[in-house]
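> Below are the sequence and a predicted model for it; my questions follow.
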4 protein chains.
Amino acid sequence: MKKYMEAIQAIQAFQEKKKNRGRLLINCPDQPGIVASVSQFLLEHRANIIESSQYSLDPEGGDFFIRIEFECPELKTSFPQLKQQFESIADTFNMDWKMTYVPNVKKTAILVSKEQHCLLELLWEWQSGDLMTDIALVISNHEDTKEVVESLQIPFYYLPASKENRAEVEAKQLQLLKEYDIDVIVLARYMQILTPHFVAAHPNRIINIHHSFLPAFVGARPYERAYERGVKLIGATSHFVTNDLDEGPIIEQDIMRVDHRNSVDELKKIGRSIERSVLARAVKWHLEDRIIVHQNKTIVF
Amino acid sequence: MKKYMEAIQAIQAFQEKKKNRGRLLINCPDQPGIVASVSQFLLEHRANIIESSQYSLDPEGGDFFIRIEFECPELKTSFPQLKQQFESIADTFNMDWKMTYVPNVKKTAILVSKEQHCLLELLWEWQSGDLMTDIALVISNHEDTKEVVESLQIPFYYLPASKENRAEVEAKQLQLLKEYDIDVIVLARYMQILTPHFVAAHPNRIINIHHSFLPAFVGARPYERAYERGVKLIGATSHFVTNDLDEGPIIEQDIMRVDHRNSVDELKKIGRSIERSVLARAVKWHLEDRIIVHQNKTIVF
Amino acid sequence: MKKYMEAIQAIQAFQEKKKNRGRLLINCPDQPGIVASVSQFLLEHRANIIESSQYSLDPEGGDFFIRIEFECPELKTSFPQLKQQFESIADTFNMDWKMTYVPNVKKTAILVSKEQHCLLELLWEWQSGDLMTDIALVISNHEDTKEVVESLQIPFYYLPASKENRAEVEAKQLQLLKEYDIDVIVLARYMQILTPHFVAAHPNRIINIHHSFLPAFVGARPYERAYERGVKLIGATSHFVTNDLDEGPIIEQDIMRVDHRNSVDELKKIGRSIERSVLARAVKWHLEDRIIVHQNKTIVF
Amino acid sequence: MKKYMEAIQAIQAFQEKKKNRGRLLINCPDQPGIVASVSQFLLEHRANIIESSQYSLDPEGGDFFIRIEFECPELKTSFPQLKQQFESIADTFNMDWKMTYVPNVKKTAILVSKEQHCLLELLWEWQSGDLMTDIALVISNHEDTKEVVESLQIPFYYLPASKENRAEVEAKQLQLLKEYDIDVIVLARYMQILTPHFVAAHPNRIINIHHSFLPAFVGARPYERAYERGVKLIGATSHFVTNDLDEGPIIEQDIMRVDHRNSVDELKKIGRSIERSVLARAVKWHLEDRIIVHQNKTIVF
């Protein structure tokens, strides 16, 4: 209860502090004048650029990517209009773009199975005010995490999944995600396969943690296979989910050193710590609109 | 000889490939319209922004920093004019700025004493085409590196230094640096103290490597002191030289893990490998105009 | 409650699995025959060496260190006798030694102030069965962590400390540590200075986490000072507490990369994650009898 | 020439310093009494154990591994006898074992193709006295490294290899290896496949560097494939060569962070630095008899 209040207060403080903050994320074919037009537009709307990163894939005319954070007086009121007026620039340059009002924190659903460490890390970061999102609900095919989730005033849905009831469960999941108006879906060691239908409904909005250094050990039992192979480093990979298993755009990876003394169980323990931090970083970057997906790869600004 | 030719060819290939490439590095008080003005200026001069990074120290009106790489047709011819015409914008926004024509590779002088590993790393990177600079000369107070330096067709000056002849040696050094029109001075484990006069003549243009993780172990014998203290990680720090010993703006640092089995000599061996890579990265970033110094700290874009 | 049961069950499973496991930790002047005598002793007592690490500081006759894990049938019953009979060997070689029966998990007291992350990490590891200890009590000069600690059935003592009542508080603390028969004291971001009297009573048994990469930033406000200095890596250090502030034997250190964009608050956030893992590793190694202190340094086997 | 003399002097100094130093490396089925017997044997021969590491795969009676460094007066004279007398203990415990006289530095052959960085790193370490071996010859299918190798007084053999002459070239290689009495073969980016015949003749004595984080990107063009996949870390792996391509026992691995801005060429540059250090470490550990191969995995003491 107390924890829940702390999280809510941290979000409110953030919303107050960032009440005039917006973000712009653009991906378009490169051509002269993009930055000039965008910055002129922001200037005319009294928006001051706080931070920006830009990158062109190929100077000879490839793709252009930019992320801008800006401050604009009275943005709460003017944001809808600002967004609408940007459309003509976006059209001119054929942009794939997104403009967000920072105080509108994204709504997140977390899906989890038996292993709790990734969920707990996200909840912890959230309580500490380090994860600026509204964790709207947790869905699990096990009841193990019900207590901790509900103790934080977060709705918990227990949907036991099996081969027989997959369609039914997924329909229920999709309904919940719609009902709660979810922006981001985090698979925090959720061990069920999602159907193409589910994935297609949330392009680049489902974040998974895979417990290996992809593309090594795609698929099941990566720690057992890492042990068998005798690797000297183990890792974890967070990626957007696509319909190719463990083949989606990689957001973040990290590793730790292991040696011959580590049993499979110890690899799993060490791995849990990597999984926790890799997933938390990936989710944070997504919440901060830092990630652009391009040709099954990510640009992380 | 062969190595020397490889380095020269790599530089020539780089100059050809980047013949229309310029860079702009700006530091000024933040205010609305900077990016709009600069990007409009570049657009009007047909310069396309390839990569840019911007950062504001404090949204409420602190300092503004930006680095832009751009491509501009016929830049070789138009560069002087472009630079001159930028002055009015620079004046408007009270900019501390630098515009460079990328094919004009900087001229570097390396100062070294007995320990050769940092010099050798720089020469190696240079031979491999990974360090885009003209290594114009090497100055040393020892003759140990004369052979290897001269084998690469690089002028080597042996200036033995002692307490008695410091003024004289420094005068000779300054004359050489002037004669060769040096842009960057790298202290690749140069164990003599530079005078305030020497330092003042090259603000933010002298790069040193200190063999510890600063601010730990400022001063002499850092590995011996690290051993005494029983640290579990040792490091190295590359920084711009100021008149406060080991207190200049830090450019890059790195560390490696050590344990109780490592003797002082082994710490030094391990440390050499860190020093090599940390110094090489710092020099590279400086050559690529990635570093802005602000209040004794660096912004590395 | 459930969490508490999981922790208890994990410890019980560990105790059953290791019911015949002992450890021997030795530090003595090097001389011929030590390993032969010790291994002969273990053989005669039917103890099989599972893992051992040995190290001599100086082959020419310096100090000798060894850690041995062994399995011995019916060790629960025979342990006291085994220990007693080892004394004659220990005397012969003038050993500073410790033999432990592994299922006797150590009793730990955690001292904490307002910042909770280090305490929470230890509790988490404990719940997950990754920290084999009996967390006997938590003492704090703030009430912030009371709820979470008591929810795990761990006694929580609120002892508000100030300059006026230091002697009184410390007397109460010492009484509690005695009452609970504490083996290990962990300062999990406990922001009060301990008196020499308190420290002397627990040699090499108080583990602290300092929020910097020692010996950089000894003392107060290390993140603020790291920010001021513009370092590119921040770190944390876990060490045994001695009467010289932040000068005790270092057990473990780690670092993370930061850059110019990170504010002091962000350094603190990043630092919390380092502090958590560095302290947890140091405590774990101590619980596993892996650490020998020698001349204000640690040998970690 | 000068460099060559430095290397030779470093080796001679090492040989003098370690003139009484021996190493023992053992792998056998675990059973009571191994350490007691070995240490008693060493004691009886007046050998003092300087450093030892032991590890048992499975306490319930699996494999036992130990590495011991010892000092023994007049070892130069007594070594052959010591080795012979150890045989009865080795037979008793069914040991797979190796006893080496440390001043007998191993003879190394380096095979290299066009890419020089790994070769240069090994030569550099050798010149600096950090790689205690006799680099007896370099064999290459290209002439690029001839000059640098011969400048160090090391015999260089140019054996151009093609599909047509593979058998002939390999016969010549094998003859050279025999002629020079080679102990260790290092493939320092040697891009030709070795035949099963060649591999079988040198079990666990051929060390390769693969330019990826195995088992990711087995086979050709790993950096191109890493770029395509959009990984956030790239790595290198050093392993013993077996007849399964890139499937031999892994000795060492390491990684570096990359991001979306890095082209394939930049991945290769970054990768070269990882390859250099990973291969150098693996070779060093092998030269120091630190590696035991067990079931296609390595134990590195």
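Thanks, I have it. Numbers count the residues shown, from 1 in each chain, chains lettered A, B, ... in the order given.
> State the distance from A:I292 to C:D130.
Computed as C-beta to C-beta, to the nearest Å, the A:I292 to C:D130 distance reads 37 Å. Every residue, glycine included, has its C-beta placed from N, CA and C.
> who's more crowded, these two?
More crowded of A:I292 and C:D130, by other C-beta atoms under 10 Å in any protein chain shown: A:I292, with 23 against 16.
> Just give the number of residues close to A:Q81.
A:Q81 has 10 neighbours, counted by other C-beta under 10 Å.
> what do you get for the one 5 residues further on?
For A:F86, the tally of surrounding residues (other C-beta under 10 Å) stands at 19.
> Give me the next element, helix or strand, following whichever strand or helix holds it.
Assigned by DSSP states H and E, A:F86 falls within helix A:75-92. As assigned by DSSP H and E, the chain's next helix or strand after helix A:75-92 is strand A:96-101.
> Now that next one: buried residues?
Neighbour-count burial for strand A:96-101, counted by 16 or more other C-beta atoms under 10 Å in any protein chain shown, picks out A:W97, A:M99, A:T100, A:Y101.
> The third one and A:R23 touch, don't they?
Yes. In this structure, A:T100 sits in contact with A:R23. The criterion is C-beta atoms under 8 Å, and the distance is 4.9 Å.
> show me the contacts for A:P249.
A:N204, A:H239, A:F240, A:T242, A:V293, A:N296, A:K297, A:T298, D:G230 (C-beta atoms under 8 Å, 6 or more residues apart in numbering or on different chains).
> which of the residues you listed lies closest to C:I11?
When the contacts of A:P249 are compared for distance to C:I11 (C-beta to C-beta), A:H239 wins out at 36.6 Å.
> shaky segments in the stretch 51-200 of chain A?
Along the stretch 51-200 of chain A, the parts satisfying pLDDT under 70 run over A:59-61.
> So stretch A:97-106, near chain B or not?
No. Shown here: stretch A:97-106 not in contact with chain B (C-beta under 8 Å from any C-beta of the partner chain), separated by at least 11.9 Å.
> Measure how far that stretch is from the centre of its chain, please.
Averaged C-alpha coordinates place stretch A:97-106 at 14 Å from its chain's average position (C-alpha atoms, centre = their mean, to the nearest Å).
> How about stretch A:274-293?
Between the centre of stretch A:274-293 and the centre of its chain there are 5 Å (C-alpha atoms, centre = their mean).
> is that stretch up against chain D anywhere?
No. Using C-beta under 8 Å from any C-beta, stretch A:274-293 stays clear of chain D, with a minimum separation of 8.8 Å.
> Which parts of the stretch 1-150 of chain A are helices?
Along the stretch 1-150 of chain A, counting by DSSP state H, counting those that start in this stretch, helices occupy A:2-17, A:34-44, A:75-92, A:117-127, A:146-151.
> most packed of those?
helix A:117-127 (a mean of 23; mean count of other C-beta atoms under 10 Å in any protein chain shown).
> Surely A:I251 is within a strand?
Yes. Looking at A:I251 with DSSP: H, G, I helix; E, B strand; the rest coil, it is inside a strand.
> Tabulate the CA atom coordinates of stretch A:160-180 in CSV.
Taking C-alpha atoms only, stretch A:160-180 is exported to CSV below (Å, rounded to 0.1, in the frame of the first residue of the first chain):
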residue,chain,number,x,y,z
PRO,A,160,-4.1,-20.6,-16.8
ALA,A,161,-3.0,-21.5,-20.3
SER,A,162,-2.7,-24.9,-22.0
LYS,A,163,-2.7,-26.2,-25.5
GLU,A,164,-6.5,-26.8,-25.3
ASN,A,165,-7.6,-23.3,-24.3
ARG,A,166,-5.0,-21.2,-26.0
ALA,A,167,-7.5,-19.4,-28.3
GLU,A,168,-9.9,-18.7,-25.5
VAL,A,169,-7.1,-17.4,-23.2
GLU,A,170,-5.7,-15.2,-25.9
ALA,A,171,-9.2,-13.7,-26.6
LYS,A,172,-9.5,-12.9,-22.9
GLN,A,173,-5.9,-11.4,-22.9
LEU,A,174,-6.7,-9.2,-25.9
GLN,A,175,-9.9,-8.1,-24.3
LEU,A,176,-8.1,-7.1,-21.1
LEU,A,177,-5.4,-5.2,-23.1
LYS,A,178,-8.1,-3.3,-24.9
GLU,A,179,-10.1,-2.7,-21.8
TYR,A,180,-7.1,-1.2,-20.0
